[in-house]
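>>> Return atomic coordinates for the entry below.
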Amino acid sequence: MAISTSVCSAQRNAVPIAGLRPALAAAVADHVKVVPVGGTGWAKSSVNAAVFRTSSLITHDDTQYIAYYDGDNNVVLGKRKLGSATWELKTTQYKGDAKDAHNCISIGVDGKGFLHMVWDLHNGKLRYVKSTEVGSLELSAEMPMTGKDEARVTYPQFYTLPSGDLLFLYRDGASGNGNAMLNRYNVETGEWSSVQHPLVAGGGQRNAYLNTLAIDGKGGIHLSWVWRDTPDVATNHDVCYAYSPDQGKTWQKSTGDTYQLPITIDNAEVAWSVPKNSELINQTSMTVDAAGHPFIATYWRPAGTEVPQYQLVWHDGTTWHQNQVSQRTQGFRLSGGGTKKIPISRPQVVAGKDGAVHVIFRDEELGNGISVASSKDANHNEWTIVDLLQQRVGAWEPTYDANLWAQKGQLNLFVQRVGQGDAETLENVPPQDVSVLEWTP
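From the prediction side, this is the model:
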């Protein structure tokens with residue numbers, strides 16, 4: 001599917017969804033531009049467009065980087081100057097098993113401008129490289145990070161600290177039996193060290209599925225997750241939270257009470273209680289607002305109903321709140337292991353400096369394009385949904401350039417139509433155009 005490069009203009013006025021089906025509030029958003037990268041990506045699975053990629057796009061200074069698998073499973077890197085429509089692409093010497101949607105590529109850029117990359121990881125040995133020079137797309141040989149707990153790695157995530165150091169978060173172990181690990185890269189020494197091994201421990205009986213980590217304006221780290229008690233997604237339960245004021249050394253609850261590490265199910269703060277068998281999804285997203293308050297976006301099926309709904313769990317500095325974001329009408333159930341074929345995507349959430357909160361998602365009920373629900377009222381009771389892109393994007397889930405959003409309030413989304421069968425089966429979808437959607441709320 002070739003994605004239009006024209007600037008979208010409003011065709012219908014968006015209206016609040018309170019009391020209305022979301023489809024009635026759908027509109028095409030103003031100020032949207034879609035920039036083709038110039039290459040095509042693997043599309044038989046959702047490996048290029050899984051929400052837990054975290055950093056499919058990353059900006060350093062005035063350069064934006066992108067990574068994806070092409071149709072032959074090669075890792076492709078690209079870069080451009082911000083605002084440019086011209087990308088420099090490089091097919092690297094590395095391949096991955098793109099058939100497994102867990103094996104996504106995650107990239108980060110340290111304060112000196114070196115690109116870091118991990119890929120092809122589903123309970124496997126860490127595959128990690130970095131660029132050979134500042135700003136280069138040439139990659140080093142594979143190397144360890146710390147050399148500890150790197151044999152069973154899944155869900156790698158890079159985050160850039162204000163100092164230019166990097167954090168690296170990942171799972172050691174398997175679904176239903178794993179630990180969350182945290183490493184740090186020192187930009188001055190060029191060395192990795194273990195910060196917390198483990199940070200969140202499953203105790204051999206469960207694992208924490210982490211959402212994206214959020215870094216506030218003071219450098220504090222916000223973390224949220226759900227527990228899973230077995231490999232079956234139906235055993236997901238409870239939205240939990242932790243905060244570190246010192247970049248991962250110590251952790252505390254929203255009350256200020258200090259955690260004894262590692263965090264376990266016995267001492268974890270439950271930000272919002274959600275029982276098993278509620279279609280609670282794992283690995284979604286979180287953000288912080290200008291005041292440093294955490295916002296967690298996810299979905300689950302409210303008690304007494306048959307339809308999963310997008311939900312916002314957030315803290316106002318005193319207590320936790322929950323708001324239903326969507327008014328969906330189509331039900332589904334989650335059960336079993338592996339990657340699921342689901343009619344909706346997991347959501348991303350960002351908070352603007354103006355106090356607005358935006359939840360980005362894909363929903364078959366709305367036409368399976370790229371949609372955003374926005375709330376500007378202080379209590380987040382009123383939501384408006386518009387379409388950022390009306391073309392169908394298959395099993396796509398949103399990932400965005402977190403550095404660019406934090407610096408300029410510009411949302412750049414990785415866009416590619418992808419297929420996905422249930423439990424690591426494939427759809428016969430040929431390679432699809434890779435693009436970046438640019439939107440300024």
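
>>> contacts and neighbour counts: CA atoms only from here.
OK.

>>> avg pLDDT for stretch 83-99?
What stretch 83-99 shows for mean pLDDT is 97.

>>> er, stretch 419-431 actually
90.

>>> Low-confidence stretches in the stretch 1-150 of the chain?
1-29 (pLDDT under 70).

>>> can you pull out the strands in it?
32-41, 57-60, 63-69, 74-81, 88-95, 106-109, 115-118, 122-124, 128-130 (DSSP state E, counting those that start in this stretch).

>>> As CSV, those strands with mean neighbour count would be great.
Below are those laid out as CSV (neighbours: other Cα atoms under 10 Å):
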stretch, mean neighbour count
strand 32-41, 21
strand 57-60, 24
strand 63-69, 24
strand 74-81, 20
strand 88-95, 15
strand 106-109, 26
strand 115-118, 22
strand 122-124, 19
strand 128-130, 20
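
>>> Need the ones you listed in JSON lines (columns: distance to His293).
As requested, these are exported to JSON lines (distance: least, Cα to Cα, whole Å):
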{"stretch": "strand 32-41", "distance to His293": "28"}
{"stretch": "strand 57-60", "distance to His293": "23"}
{"stretch": "strand 63-69", "distance to His293": "28"}
{"stretch": "strand 74-81", "distance to His293": "32"}
{"stretch": "strand 88-95", "distance to His293": "38"}
{"stretch": "strand 106-109", "distance to His293": "25"}
{"stretch": "strand 115-118", "distance to His293": "29"}
{"stretch": "strand 122-124", "distance to His293": "33"}
{"stretch": "strand 128-130", "distance to His293": "33"}
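
>>> Compare those and give me the one nearest Gln348.
Judged by Cα to Cα, the one of the strands of the stretch 1-150 of the chain that comes nearest to Gln348 is strand 57-60, at 14.1 Å.

>>> residue contacts, Leu312?
Residues in contact with Leu312 (Cα atoms under 8 Å, 6 or more residues apart in numbering) are 295-298, 322-325.

>>> Report the beta-bridge partner residues of it.
Beta-bridge pairing for Leu312 (DSSP bridges): Ala297, Asn323.

>>> one step back: so which of the contacts of Leu312 comes closest to Asn73?
Thr298 (30.3 Å).

>>> Look at that closest one and report its pLDDT.
pLDDT, read off for Thr298, is 98.

>>> related to what we said a few turns ago, out of the strands of the stretch 1-150 of the chain, which comes closest to Asp401?
Using Cα to Cα, the nearest of the strands of the stretch 1-150 of the chain to Asp401 is strand 57-60, at 4.8 Å.

>>> Pairing partners for the closest one, with directions?
The pairing partners recorded for strand 57-60 under DSSP bridges are strand 63-69 (antiparallel).

>>> before we move on, back to that, to Thr154, which of the strands of the stretch 1-150 of the chain lies closest?
In terms of Cα to Cα, the element of the strands of the stretch 1-150 of the chain nearest to Thr154 is strand 122-124, at 4.8 Å.

>>> top of the contacts of Leu312 by neighbour count?
Among these, the one with the most neighbours (other Cα atoms under 10 Å) is Ile296, at 30 neighbours.

>>> How about the contacts made by that residue?
Ile296 sits in contact with 224, 285-287, 312-314, 349, where contact means Cα under 8 Å, 6+ apart.

>>> Which of those residues fall within helices?
Among these, no member is found in helices (DSSP state H).

>>> Looking at those residues, spot the one nearest Asn73.
For these, the nearest to Asn73 is Ser285 (27.0 Å; Cα to Cα).

>>> Next, format the contacts of Leu312 as a markdown table and append distance to Thr92.
Below are the contacts of Leu312 laid out as a markdown table (distance: Cα to Cα, whole Å):
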| residue | distance to Thr92 |
| --- | --- |
| Phe295 | 37 |
| Ile296 | 35 |
| Ala297 | 34 |
| Thr298 | 35 |
| Gln322 | 44 |
| Asn323 | 44 |
| Gln324 | 43 |
| Val325 | 41 |
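
>>> Which one of those residues is nearest to Pro144?
Ile296 (32.1 Å).
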